[in-house]
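Student: could you work out the structure for the sequence below:
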Amino acid sequence: MNNQVQLITYVDRLGGGGLRDLHALLCGPLGGLFGGVHLLPFYHAIDGADAGFDPIDHTLVDPRLGDWNDVTALSADVPVMADLIVNHLSADSPQFRDFSARGDRSPYAGLFLTRERVFPQGATEGDLQTIFRPRPGLPFTEMTLANGGQRTLWTTFTPQQIDIDVDHPQGAAYLDAILDRFNRSGVTMIRLDAAGYAVKRPGTSCFMIPETYDFISGLAARARARGIEVLVEIHGHHRDQIEIARHVDRVYDFALPPLVLHTLFKRDATALKAWLAISPRNCLTVLDTHDGIGIVDVGADRAGRPGLIPPPELDALVETIHANSAGQSRQATGAAANNLDLYQVNCTYYDALGRDDRAYLLARAIQFFAPGVPQVYYMGLLAGHNDMDLLARTKIGRDINRHRYSPAELSSALGRPVVQALLGLIRFRSMHPAFAGEFAIGASSPRDLVLEWRAGSHRAVLAVDLAARTALITCSTVSGGTVCFSVDSVFVYSPAA
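Tutor: Okay, here's the model as predicted:
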C-alpha cells in the first residue's frame, strides 16, 4: 500500500455513476490526490439487505456499475482495494438456493453453518449467553428450506446473511475463488470484512477467539501468495487491535475517531497521546467510514479490561455528538433506527463537530499526522451533512452517512472552502517526504498537542492549541527552507518548492 492518503467510497454514490465515471473522477478533478481507492462492495447486488455486504454473487460485478474489465482498468491508474466478505453470503445466492432445494444432497451443504455443527450435543444457556454479537438476541435463524427440511442457521448479522463455515473445505474453496477473481482483475489489497465473527467454537464468545487469529493468519497467507495485501476490520477492545496487527499487513485504527472527538470536546489531549504512543504502526487511520463512529473501540470490554476513555467521559462524548448534530445522530443510533451495531454512533464526522470548519480541519490534520496510512471516506472528503431524508426512507441508521451525490452536488461540494482546505491537506500528506520517516509525540501540556515526522533532513510538525482550537503545520522544503501554514488555510504544497 502506498504511504499516501486513500479514498474509501461506494462506486455509485460519489457523483452517481459507475466504475468508469469514478475512474474519470480519480484521474480528473481528484487526480493526484489519492494513493489508492477502496471500493465498497460493488458485487451483485449492491442494493440488498446490507448495501452490498450481503452478496448474491461475490465474483460478479453489479452490471449497473460495470464489469471486471472496468476494475482492471481503474487498478492500472489507482491501486484498488476490495472487500472480501468473509463471514457470510446472501440467502439469495445460487449456493444457498441450491442448498435450500436439495438439502444435504447439495454440493454446497457444507458451506453454510448451522447451530448443530458448532453444538452437536446441544447448546447450554451458558453457551448461548457467552456468544458475542453486534445486535440484541441470538445469532440464529430457524429456516424451512425449499425442500421442506428444517435448519437452524447461524446468522450473525441478519437473517438474509447466512454465515459461512470457514472450517469446511467448501468454505475455504469459496473464499479462494474470490481471491482468484480479485487477482485476475488487478486488486492488490483486500479488507476482510467481519472476520472477527468467522470462527465459532462452543463455550466461547465466537468473536476474536484464538482460532480466529489462526484463521486470519492462514487466509492472509493465501492472499499474499496471490500478491494481495490484507487489511482486517475488527471493532473491539484496543488491545485486540494491537494483537491482530501482528498477524496481518494492516489493521484499522478505529480508536482514533472517538479519541479525536474526545480531545476536541474536552480540549485535552491526554487520552489521545496515550493511544498514539502504543497504537499499531501498520494501521489505516480513519475518522469516518461507511459505518458509524465506534464506541466499543475506546471503551472497557466484557472481560473488565479498561478502555481508553472512562465510562462517564464516553457517555459525555456520545451526548455531545447528539447535541452538535441537533439530535439527528440520536435518531440514527441504537434501537432508534433498526441498527445492527449498537456500539456505534451514526453521524457524519462533520456534523459530529457541529459543522465547525476549523474543528473539522483540525481533526483531519491530527488524523494525517497520526501513525499509519490515512483513509478518507467520501462523505468526509466532502464534509458531508447527515442525510435525514435517506434515513427516513430506509430507517437504517447508517444511511445517515451514506448520501448519494449527484454530479451537480459533487461539483458544488468540491468548491466549498472547507473542502478546498481539506484537499490541500490531503496533497500535503500524500507528497511530503517526512511522512516516510519516524513519528514522535512532542512534549506538551494536556491543552496542546505536538506531532512530528522526520525523514533525514525532511521534517513536518503539527502544533495544536486545543484551548484556542488552532493548529499550525511547519514543514521543510526541498530547497532547505521552512514553510508554516494554518490547517484551515488553502495551502498548496509543491514537492519542488
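Student: alpha carbons only for contacts and neighbour counts from here, please
Tutor: Fine.
Student: which non-adjacent residue is nearest residue 113?
Tutor: residue 165 (4.8 Å; CA to CA, 6 or more residues apart in numbering).
Student: same thing with residue 59?
Tutor: residue 178 (6.0 Å).
Student: the one you found: how many residues sit nearby?
Tutor: By other CA atoms under 10 Å, 16 other residues sit near residue 178.
Student: how near is it to residue 46?
Tutor: 17 Å (CA to CA, to the nearest Å).
Student: cool, and residue 355?
Tutor: From residue 355 to residue 46 the distance is 30 Å (CA to CA).
Student: and these two? Which one has more around it.
Tutor: Just comparing residue 355 and residue 46: by other CA under 10 Å the higher neighbour count belongs to residue 46, 24 against 17.
Student: for stretch 95-108, measure first residue to last.
Tutor: So stretch 95-108: terminal residues 6 Å apart, CA to CA.
Student: what's in contact with it?
Tutor: 90-91, 109, 112, 145-147, 149, 170 (CA atoms under 8 Å, 6 or more residues apart in numbering).
Student: cool, and stretch 126-146?
Tutor: 100-101, 103, 115, 150-157, 159, 202-207, 339-343.
Student: equivalent analysis for stretch 157-175, please.
Tutor: Outside of stretch 157-175, the residues within contact range by CA under 8 Å, 6+ apart are 49, 54, 84, 86-92, 108, 110-113, 133-135, 139-141, 153-156, 198-199, 340.
Student: out of those residues, which end up buried?
Tutor: With burial judged by 16 or more other CA atoms under 10 Å, the buried subset of the contacts of stretch 157-175 is 54, 84, 86-92, 108, 110-113, 133-135, 139-141, 153-156, 198-199, 340.
Student: in strands only, show me those residues.
Tutor: 84, 88-90, 140-141, 153-154 (DSSP state E).
Student: how about low-confidence regions in the stretch 1-150 of the chain?
Tutor: Within the stretch 1-150 of the chain, no stretch has pLDDT under 70.
Student: apply 80 and report the result again.
Tutor: Residue ranges of the stretch 1-150 of the chain with pLDDT under 80: 49, 134-136.
Student: quick one, helices of it?
Tutor: In the stretch 1-150 of the chain, the segments counted as helices under DSSP state H, counting those that start in this stretch are 19-27, 68-77, 94-102, 115-118, 125-130.
Student: of all those helices, which one is nearest residue 462?
Tutor: Comparing these by their distance to residue 462 (CA to CA), the top pick is helix 19-27, with 28.0 Å.
Student: distance from that closest one to the middle of the chain?
Tutor: From the chain centre to the centre of helix 19-27 is a distance of 22 Å (CA atoms, centre = their mean, to the nearest Å).
Student: same thing with stretch 280-292?
Tutor: With CA atoms, centre = their mean, you get 6 Å for stretch 280-292.
Student: go on, stretch 386-396?
Tutor: Counting by CA atoms, centre = their mean, stretch 386-396 comes out at 21 Å from the chain centroid.
Student: ok, residues contacting that stretch?
Tutor: 328, 332, 337-339, 347-348, 351, 397-403.
Student: repeat that for stretch 455-469.
Tutor: 264, 267-268, 358-359, 362, 365-366, 369, 433-438, 447-454, 470-477.
Student: strands - which of the residues you listed land there?
Tutor: Those of the contacts of stretch 455-469 lying in strands (DSSP E): 438, 448-454, 470-476.
Student: of these, buried ones?
Tutor: Using 16+ other CA under 10 Å, the buried members of the ones in strands among the contacts of stretch 455-469 are 448-454, 470-476.
Student: mind putting these in CSV, distance to residue 70 and pLDDT included?
Tutor: Output for those, formatted as CSV (distance: CA to CA, whole Å; pLDDT from 0 to 100):
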residue, distance to residue 70, pLDDT
448, 47, 97
449, 44, 97
450, 43, 98
451, 40, 98
452, 40, 98
453, 37, 98
454, 39, 97
470, 43, 94
471, 41, 96
472, 41, 96
473, 39, 96
474, 41, 96
475, 39, 95
476, 40, 93
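Student: can you redo those residues as JSON lines with distance to residue 414?
Tutor: Converted to JSON lines, these look like this (distance: CA to CA, whole Å):
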{"residue": "448", "distance to residue 414": "31"}
{"residue": "449", "distance to residue 414": "29"}
{"residue": "450", "distance to residue 414": "30"}
{"residue": "451", "distance to residue 414": "28"}
{"residue": "452", "distance to residue 414": "29"}
{"residue": "453", "distance to residue 414": "29"}
{"residue": "454", "distance to residue 414": "32"}
{"residue": "470", "distance to residue 414": "23"}
{"residue": "471", "distance to residue 414": "23"}
{"residue": "472", "distance to residue 414": "23"}
{"residue": "473", "distance to residue 414": "23"}
{"residue": "474", "distance to residue 414": "26"}
{"residue": "475", "distance to residue 414": "26"}
{"residue": "476", "distance to residue 414": "28"}
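Student: nearest to residue 293 among those residues?
Tutor: For these, the nearest to residue 293 is residue 449 (22.4 Å; CA to CA).
Student: leaving out chain neighbours, which residue sits closest to that closest one?
Tutor: Here the residue nearest residue 449, using CA to CA, 6+ apart, is residue 464, at 5.0 Å.
Student: what lines up beside the helix or strand harbouring the one you found in the sheet?
Tutor: If you go by DSSP states H and E, residue 464 is part of strand 458-465. If you go by DSSP bridges, strand 458-465 pairs up with strand 448-455 (antiparallel), strand 470-476 (antiparallel).
Student: identify whichever of these lies nearest to residue 33.
Tutor: strand 470-476 (19.0 Å).
Student: what's downstream of that closest one, the next helix or strand?
Tutor: Immediately after strand 470-476, counting by DSSP H and E, sits strand 482-486.
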